[in-house]
Every structure is written in structure tokens, then in C-alpha cells.
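Visitor: 3D model of this:
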Amino acid sequence: MNKFVAVSALVLLISSCGDSEESTTQKQAPVAKPSANNPLAREQQLIEDAKGIQSLLDQNADEKKQAVNSAN
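Guide: Sure, this is the predicted structure:
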């Protein structure tokens, strides 16, 4: 009986670990990383990152403007 429980637990552990790896890789979108030899791709990625940061700063500024206007 003890041997059966140990084997069952081992099989369950192995089967659950293998399944989670496949589902994780399928859910994540592939991300293209710029290669070290492609300066144009690096610059484009920096521009995209800067646009994302600028949009966050703009949203924060708008929220602060609204808070100041509503306080007055």
C-alpha cells in the first residue's frame, strides 16, 4: 500500500509539472528581442519603450490636473 501511494504521488507530480510548462508557453505571446548586431532594432525598441513611458506620464499629469481643477 505504501509503495502504491508513493508511485501515485510521483506520477501525479510529474504529470502536473509537464502540463503547466506547455500551457504557460502557449499563453505567452512571442517577444522578439533585438539582436546585438542590429542597432536599428534596438533604437526602435527604445522608441517604443519611450512612447509607453510618455503615455504613463501623460495619464498621471491628466489625473493631477483633474484633481487640482476639482479642488478649486
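
Visitor: show the pLDDT at residue 3.
Guide: Residue 3 is assigned 74 on the pLDDT scale.

Visitor: quick one: what helix or strand has it in it?
Guide: helix 2-27 (DSSP states H and E).

Visitor: helix or strand right after that helix?
Guide: Using DSSP H and E, the helix or strand that follows helix 2-27 towards the C-terminus is helix 39-71.

Visitor: residue ranges in this structure under the pLDDT threshold?
Guide: 1, 7-36 (pLDDT under 70).

Visitor: residue 46 - how many residues pack around it?
Guide: 11 (other Cβ atoms under 10 Å). Every C-beta, even on glycine, is put in place using the N, C-alpha and C of the backbone.

Visitor: measure it to residue 54 for me?
Guide: Separation of residue 46 from residue 54 (Cβ to Cβ, to the nearest Å): 12 Å.

Visitor: got it, and residue 40?
Guide: Residue 40 is 21 Å from residue 54, by Cβ to Cβ.

Visitor: repeat for residue 64
Guide: Applying Cβ to Cβ, the value for residue 64 to residue 54 is 16 Å.

Visitor: buried residues, stretch 47-60. List them.
Guide: For stretch 47-60, a neighbour-count test (16 or more other Cβ atoms under 10 Å) marks nothing as buried.
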